[in-house]
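Chemist: the following block contains a protein sequence and its predicted model.
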Amino acid sequence: MTPVFETDWDVIVIGAGMGGGTLGRALAEAGQKVLFVEKGTEGLRSERNGLSGIFVPEARAARGLWPDPLHVALDGIETRFFPPLGSGPGGSSVFYAATLERPARHDLDDLPDQPHPTGGWPVSYDEMAPWYDRAARLFQVHGTPDPLSPEAPLPLRPPPAMHPAEAALTDSLRAAGLHPYRSHTGIANVEGCQNCLGRKCPKPCKMDGRSAGVEPALATGNAHLLTNAEVTRLVAEGDRITEVEVRVDGKMRTLHAHRYVLAAGALHSPRLLMASVSEEWPNGLANRSGLVGRNLMLHVDERFALWPKRGTPDTGATKGISFRDFYRRADMRLGTVQAMGIRASYGEMVHFLNRMLALRGLSRFSILTRPAAAIAHTLLGHAHLFVGLMEDLPYAHNRVLHDPANPRRLAVSYTLSDELRTRRRAFRRALRKGLRGHRHMFLSITPELNWGHPCGTLCFGHDPDRSVTRADGRAHDVTNLWVADSSFMPTSMGVNPSLTIAAHALRVAHLMLKDRT
Amino acid sequence: MTQITPRDGFAIVTGAGSGLGRALARQLCEKGFIVAGTGRRPEALQHTAELCPEGHFLPVTMDVADFDKVAQGFSLLIEQHGPLALLINNAAVYPRIDLLQETPDSFWHSMAINLGGVFACSHAALQDMAPRGAGRILNVASFADIAPLPASAAYSVSKGAARVLTRAMVADLADRFPDIVIGDWLPGALDTEMGIPDGLAPDQAAQWGVKLALMRDPSLSGTTFERDTEILPPRGLKRKVRDLLLMKRPKPRSL
């Protein structure tokens, strides 16, 4: 038994997800004594569940899901629901579809032909590139290079063979002048691979924060995983954290380390800092800038159904196709398009429609969702579902809220800007034009936010007045605190955030090892 | 649909000293399985062993209402013969007692066997099945709860509750462990000590039971089979609307 509470750890990592798992692994492999502190339960490795709408907190926790709902004020309409958030080793990534796409240069850099909304990330694309390569190797990413990208391709493993429907769809997209490629996916395809997209993988096959992070970290013998431990507060003296308070089995305990890494996700990491108020830190720890929790960004999901050409064999759902033909316009950031790997099933449609209504305060119309879903299911039967991911830009008023009377309550306030609505219309127009000749149908009327991709709430930058963490991931205001989840991102990019979270975590780990002060 | 084979592991049949349990154990042994059969009477289990191909039947004297013994016994069996591929919860008692003669203790004792035993054995089996993410549990069930007969309070209540337990286990486990397949099987009225003289021969019923027990299609989780036919759950309004709109009509499966 490791005396967890008595040990003076080199590093305590709060949250063992994509960021924390990856960073913890790099540190443990370098010989650091690492403690992962995880609110969720370890569960059994054989579990295969996906996300669940079940509302019983204990049942959610047992499934590795965040137990409590998220309270959202969206354009002023209050609602609550369960976002796709994990809680347990691997965090949300055990439920992801293993999409590990690298962003484009304009996502990070301020370019002459494409100015960056924040003036550019503090770390350039070229500085990040080797970390993307490392992350791609670590997560065994397979796929083919994006033919439209002028950059050196990621080190990609060959993808599995396409099934006939995928091949036919790729051909017809190409014939329409588009540039499809095989999605960049972190699945090792071990024997008996069940392609666990959207659910827990029982084998070391889907590469996520658990299989590629926490587990290899534990295998070094240098790391330890403490589960069912909810961090409630970081305690600081001056500009140093001295301990963290955790609730274990209903009892408050303290943990000690030289250095602390916050990796609880873009919703919980800022919530924890805001809950860590003291006389010295009246607005929350590391919050001199007042930006902790602000600039929350989500992707807008533009889902559409695409029918393969007549005569195409129906060989199941497509996951393996992406294209970036509509990634940007000269004056506008749009996004990447990828197959979702699911069919338009009835249950999926009911869930999707109900959520859409709830977020608009229109749940009274939910009686219509079942007939609508049945019609959609019948209409969409053989269609492939695609999603265009479009970024939202950072706005200080989009933020994680903190209620001192109820610090565990997870709540956000979000407003869709006119600028976003304009870009979304342009994205749809571009998609419609580009897909001419393919039967397709958009599946949403109003912008649908992707609550699985929150980021930006502890953004990094050079200026301590305009960012929370430094370019090396360390907090501007607290000398022994680093951030290694999607909170650091100054902009949300036109691709899934996972590979960027992993690359950033590897880079931060490297800089932590270099600078051991 | 793939079948469970002796290569997948051994089987446990509770209440294997008589009637249906004996027939189930014997037929599983004949299919090549190692079967641990539990019962309270060693001589009855010995008799079952004599009916089985040599070396296939392991008599295990155990009262399923003795929860500690169940946990220890299962753990030992799994250690020696594991993995546990199949559990058939068959042990049950049917004391015919007028309600005025029944005591809280006697009532509770029947509950401990018919309901507590199912939970204890399933729980012990899951210690092996859950980490592997695979296994089969078949509960021998009854509709005695729907219209309780006189002098059958403990039996009706416990057997009804046992069917709720099956559904509760499915609610907790099916999404996490789809390859642990849990369901109910009603053999119907049998010609056994517990059953009726003109009931079905246990050997005949056991053929269906064994067939169903060896099926491991995840879609069987939460289903109820009566003899050789699936009993579909009553459809709620939502389900009816859905089936109507999708132009689907559920069809019961047959063994």
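Modeler: Arrived safely, thanks for sending. Residues are numbered from 1 along each chain as shown, chains lettered A, B, ... in the order given.

Chemist: residue contacts, the closest residue to chain B within the stretch 1-150 of chain A?
Modeler: Closest approach between the stretch 1-150 of chain A and chain B, counting by Cβ to the nearest Cβ: A:Ser46, at 3.1 Å. To be clear about C-beta, it is placed using only N, CA and C from the backbone, and glycine gets the same treatment. The contact partners of A:Ser46, taken as Cβ atoms under 8 Å, 6 or more residues apart in numbering or on different chains, are A:202, B:130-134, B:177.

Chemist: same check on A:Asp472?
Modeler: A:508, A:511, A:515.

Chemist: one more pass at 7 Å, please.
Modeler: Contact analysis of A:Asp472 by Cβ atoms under 7 Å, 6 or more residues apart in numbering or on different chains lists A:508, A:511.

Chemist: check A:Tyr181 too.
Modeler: Contacts for A:Tyr181 were tallied using Cβ under 7 Å, 6+ apart; they are A:143-147, A:322-323.

Chemist: which two among the contacts of A:Ser46 are spaced furthest apart?
Modeler: A:Pro202 and B:Ala130 (11.5 Å; Cβ to Cβ).

Chemist: about what we covered before: drop the exposed ones from the contacts of A:Ser46 and show what's left.
Modeler: Using 16 or more other Cβ atoms under 10 Å in any protein chain shown as the burial test, the contacts of A:Ser46 include A:202, B:130, B:132-134, B:177 as buried.

Chemist: what does the stretch 51-200 of chain B put close to chain A?
Modeler: Counting by Cβ under 7 Å from any Cβ of the partner chain, the stretch 51-200 of chain B comes close to chain A at B:130-133, B:175-178.

Chemist: quick one, strands of the stretch 401-517 of chain A?
Modeler: Counting by DSSP state E, counting those that start in this stretch, one finds strands in the stretch 401-517 of chain A at the ranges A:411-414, A:440-442, A:448-455, A:481-483.

Chemist: again, but for chain B
Modeler: Using DSSP state E, the strands of chain B run over B:10-13, B:35-39, B:57-61, B:84-89, B:135-140, B:180-186, B:224-226, B:229-231.

Chemist: for A:Pro216, find the nearest of the ones you listed.
Modeler: Closest to A:Pro216 of these, according to Cβ to Cβ: strand B:180-186, at 28.3 Å.

Chemist: quick one: strands adjacent to the closest one?
Modeler: Here strand B:180-186 is paired, per DSSP bridges, with strand B:135-140 (parallel), strand B:224-226 (parallel).

Chemist: as TSV, those with mean neighbour count would be great.
Modeler: Shown next, in TSV, are those (neighbours: other Cβ atoms under 10 Å in any protein chain shown):
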stretch	mean neighbour count
strand B:135-140	26
strand B:224-226	20
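
Chemist: in TSV, list these along with mean pLDDT.
Modeler: Listed next are those as TSV, based on pLDDT from 0 to 100:
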stretch	mean pLDDT
strand B:135-140	98
strand B:224-226	96
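
Chemist: how about those strands, which one is nearest A:Phe365?
Modeler: Among the strands paired with strand B:180-186, strand B:224-226 sits nearest to A:Phe365 (Cβ to Cβ), with 36.1 Å.

Chemist: SS state for the residue of the stretch 101-250 of chain A found nearest chain B?
Modeler: Taking Cβ to the nearest Cβ as the measure, the stretch 101-250 of chain A has A:Pro202 as its residue closest to chain B, at 5.7 Å. Three-state assignment for A:Pro202 (DSSP: H, G, I helix; E, B strand; the rest coil): coil.

Chemist: I'd guessed it sits against A:Arg48; true?
Modeler: Yes. Here A:Pro202 reaches A:Arg48: they are 5.5 Å apart, a contact under Cβ atoms under 7 Å.

Chemist: just the helices in the chain please.
Modeler: Since no chain was named, I'll use chain A. Secondary structure of chain A (DSSP state H): helices at A:18-29, A:57-62, A:105-108, A:125-138, A:164-175, A:215-219, A:268-275, A:346-359, A:369-380, A:418-434, A:498-514.

Chemist: meant chain B, my bad for not saying
Modeler: Going by DSSP H, chain B shows helices at B:19-30, B:42-51, B:67-81, B:104-111, B:117-132, B:153-173, B:202-213, B:237-245.

Chemist: go ahead and confirm A:Asp485 touches A:Val261.
Modeler: No. Taking Cβ under 7 Å as the definition, A:Asp485 is not a contact partner of A:Val261, at 9.1 Å.

Chemist: any common contacting residues for these two?
Modeler: A:Gly20.

Chemist: how about a markdown table for the strands of the stretch 401-517 of chain A, with distance to A:His504, mean pLDDT and mean neighbour count added?
Modeler: Putting the strands of the stretch 401-517 of chain A into a markdown table (distance: least, Cβ to Cβ, whole Å; pLDDT from 0 to 100; neighbours: other Cβ atoms under 10 Å in any protein chain shown) gives the following:
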| stretch | distance to A:His504 | mean pLDDT | mean neighbour count |
| --- | --- | --- | --- |
| strand A:411-414 | 22 | 98 | 21 |
| strand A:440-442 | 33 | 87 | 15 |
| strand A:448-455 | 11 | 95 | 23 |
| strand A:481-483 | 9 | 98 | 27 |
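
Chemist: how many other residues sit next to B:Val64?
Modeler: 28 (other Cβ atoms under 10 Å in any protein chain shown).

Chemist: just A:Pro216 next, same as before
Modeler: 20.

Chemist: hmm, A:Ala26 and it touching each other?
Modeler: No. Taking contacts as Cβ under 7 Å, A:Pro216 lies outside contact range of A:Ala26: 9.7 Å.

Chemist: wait, what's in contact with A:His453?
Modeler: When contacts are counted by Cβ under 7 Å, 6+ apart, A:His453 touches A:298-299, A:496-497.

Chemist: and the longest strand along chain A, what does it pack against?
Modeler: Identified as the longest strand of chain A according to DSSP E is strand A:251-262. Helices and strands touching strand A:251-262, by 3 or more Cβ pairs under 7 Å, 6 or more residues apart in numbering or on different chains; DSSP states H and E, are strand A:8-14, strand A:34-37, strand A:240-248, strand A:481-483.
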